[in-house]
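Peer 1: Take a look and give me a structure for this.
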Amino acid sequence: MSKNTYMIGVTGHRYLPEEKLPALTRYVNDFLAETMKNHSETTVTVMSALAEGADMLCAKLALDMGLRLVIPLPMGASEYRKDFHGNAASMFDCLLSMADEVFTVTPEEPVPAHPPRGFYYRQANIYIAKHSNILLAIWDGVRRETPDRAGTWETIKLAQDYGKKVYMMGGR
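Peer 2: As a prediction, this is how the structure comes out:
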């Protein structure tokens with residue numbers, strides 16, 4: 001990461017209730033605008049793994065505001081795309097094509113003999129937590145452990161372990 005880049009990592013829930021989308025959109029837009037104002041001497045960049053829901057929302061809003069978008073994928077794009085259907089698949093393709101940088105994350109943890117998909121999601125979350133300056137979490141506030149340790153709460157903990165400030169907005 002360049003010294004002239006301020007990296008906003010994104011994490012959040014995959015399923016965002018329709019009735020909360022206007023408030024979440026306002027919050028993310030305000031958050032990004034304030035961050036741009038506070039870091040006007042640098043290039044503000046949003047880093048999102050593009051999971052459905054919060055990740056895609058933040059990525060789209062960042063692009064709408066003219067910010068750079070970096071996408072650390074948990075696995076190759078064609079394999080990852082299998083996790084998206086309908087409108088989400090189309091949005092994934094669109095955002096991927098508009099990103100400034102797309103790459104597949106190299107696992108930081110030892111790869112198990114037969115890794116589940118969640119292992120790779122966790123590796124992308126580790127990358128985002130480690131390489132962002134701050135983390136924006138669209139989160140319902142429930143400290144929920146997941147079997148693959150790749151959920152929103154685990155990503156928030158990772159960012160905090162790396163000493164990153166985490167900004168949270170309710171996502172459910």
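
Peer 1: Tally up the residues packed near D148, please.
Peer 2: For D148, the neighbour count with other Cβ atoms under 10 Å is 16. Just so you know, the C-beta spots here come from the backbone N, C-alpha and C atoms, and that holds for glycine as well.

Peer 1: Let me know the secondary structure of it.
Peer 2: Secondary structure, DSSP: H, G, I helix; E, B strand; the rest coil: D148 is coil.

Peer 1: residues in contact with it?
Peer 2: Applying Cβ atoms under 8 Å, 6 or more residues apart in numbering to D148 gives the contacts 116-119, 121-122.

Peer 1: would JSON lines of the residues you listed with neighbour count, pLDDT and secondary structure be doable?
Peer 2: Formatted as JSON lines, the contacts of D148 follow (neighbours: other Cβ atoms under 10 Å; pLDDT from 0 to 100; DSSP: H, G, I helix; E, B strand; the rest coil):
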{"residue": "P116", "neighbour count": "12", "pLDDT": "93", "secondary structure": "coil"}
{"residue": "R117", "neighbour count": "15", "pLDDT": "92", "secondary structure": "helix"}
{"residue": "G118", "neighbour count": "15", "pLDDT": "92", "secondary structure": "helix"}
{"residue": "F119", "neighbour count": "18", "pLDDT": "95", "secondary structure": "helix"}
{"residue": "Y121", "neighbour count": "24", "pLDDT": "95", "secondary structure": "helix"}
{"residue": "R122", "neighbour count": "25", "pLDDT": "94", "secondary structure": "helix"}
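
Peer 1: Identify the bridge partners of L135.
Peer 2: Beta bridges link L135 to G9, V166, judged by DSSP bridges.

Peer 1: Contacts only, for it.
Peer 2: If a contact means Cβ under 8 Å, 6+ apart, then L135 has 8-11, 128-129, 155-156, 159, 164-167 as its contacts.
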